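Undergrad: coords please:
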Amino acid sequence: MRAVQYDERVEEWLNNIPVDIKAKVVRIVDMLVLYGPFNVKEPYVKHVSGYKKLFEIRAKGKDGIARVFYFTASEERIIILHGFIKKTMKTPKRELCIAVKRMQEVLNG
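TA: Residues are numbered from 1 along each chain as shown. Predicted structure coming up:
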């Protein structure tokens, strides 16, 4: 059984975003668990170019677009790192840096 581990800050963020966007994020996470992290593709998830292990969940609702960064510690363990509501076409560097920092914290123990 695949396990999903959320950074506690992501759990808090999820509880404060529009319900329709949260529902889509949760549905995509469920797909990752059900089908495996390497079997879910665009438009639901996308590899973040330049970062070998980093992926993003892409959720769009009537109230906006969310991106949620995650990586797979193994085929059986998915770590949800950081989420934000997208306001520009390009992902802000600051948001990416937060995800990378959290990923390094997990990898380095």
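Undergrad: could you list the low-pLDDT ranges of the protein?
TA: Within the chain, no stretch has pLDDT under 70.
Undergrad: show me the strands in it, by range?
TA: Assigned by DSSP state E, the chain shows strands spanning 3-6, 45-47, 54-61, 64-74, 77-86.
Undergrad: out of these, which comes closest to residue 28?
TA: Of all the strands of the chain, strand 54-61 sits nearest to residue 28, with 4.9 Å by CB to CB. Bear in mind the C-beta positions are built from the backbone N, C-alpha and C, glycine included.
Undergrad: how about the closest one: buried residues?
TA: Across strand 54-61, burial judged by 16 or more other CB atoms under 10 Å covers 54, 55, 56, 57, 58, 59, 61.
Undergrad: mind giving me JSON lines with the residues you listed and columns for distance to residue 42?
TA: Formatted as JSON lines, the buried residues of strand 54-61 follow (distance: CB to CB, whole Å):
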{"residue": "54", "distance to residue 42": "15"}
{"residue": "55", "distance to residue 42": "11"}
{"residue": "56", "distance to residue 42": "10"}
{"residue": "57", "distance to residue 42": "11"}
{"residue": "58", "distance to residue 42": "8"}
{"residue": "59", "distance to residue 42": "13"}
{"residue": "61", "distance to residue 42": "18"}
